[in-house]
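[1] Quick one: sequence and predicted model below, then my questions.
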Amino acid sequence: MPIGCCIDDLLTRPDIDPARIAVCGSSLGGYYAARAGSREPRLAACISHGAIWSIHDFWKNADESHGLASHIKWSSA
């Protein structure tokens with residue numbers, strides 16, 4: 001997982017307290033933050049703003065004219 005690589009890098013720095021590493025994400029980043037928090041035991045905290053747990057259920061009635069249609073297709077693939 002990408003968060004593991006980030007934590008590995010942080011642990012090489014003397015100014016980082018390993019017991020206080022956290023992740024925070026908003027929107028799609030909130031989804032990824034929650035995934036990271038559920039899988040990475042070295043995280044002390046996880047903050048997830050506005051995660052959509054089921055993109056399909058949330059956007060299933062949006063048509064191609066919706067402004068975020070291409071982003072929704074990309075993120076739900």
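    Perfect, thanks for sending it.

[2] center of this structure, which residue is that?
    With distances taken as C-alpha atoms, centre = their mean, Y32 lies nearest the centre of the chain, 1.8 Å away.

[3] Distance check, it against R42.
    Distance of Y32 to R42, given as C-beta to C-beta, to the nearest Å: 16 Å. C-beta: built from backbone N, CA, C; applies to glycine.

[4] Likewise for D57?
    For D57 relative to R42 (C-beta to C-beta), the value is 32 Å.

[5] A strand includes the residue nearest to the centre of the chain, no?
    No: when DSSP: H, G, I helix; E, B strand; the rest coil is applied, Y32 is found to be helix, with no strand at that position.

[6] Read off the pLDDT value for it.
    Note for Y32: predicted pLDDT of 88.

[7] what sits against it?
    Residues in contact with Y32, defined by C-beta atoms under 8 Å, 6 or more residues apart in numbering, are G25.

[8] ok, back up a step: between D57 and R42, which is the more surrounded one?
    R42 (13 against 9; other C-beta atoms under 10 Å).
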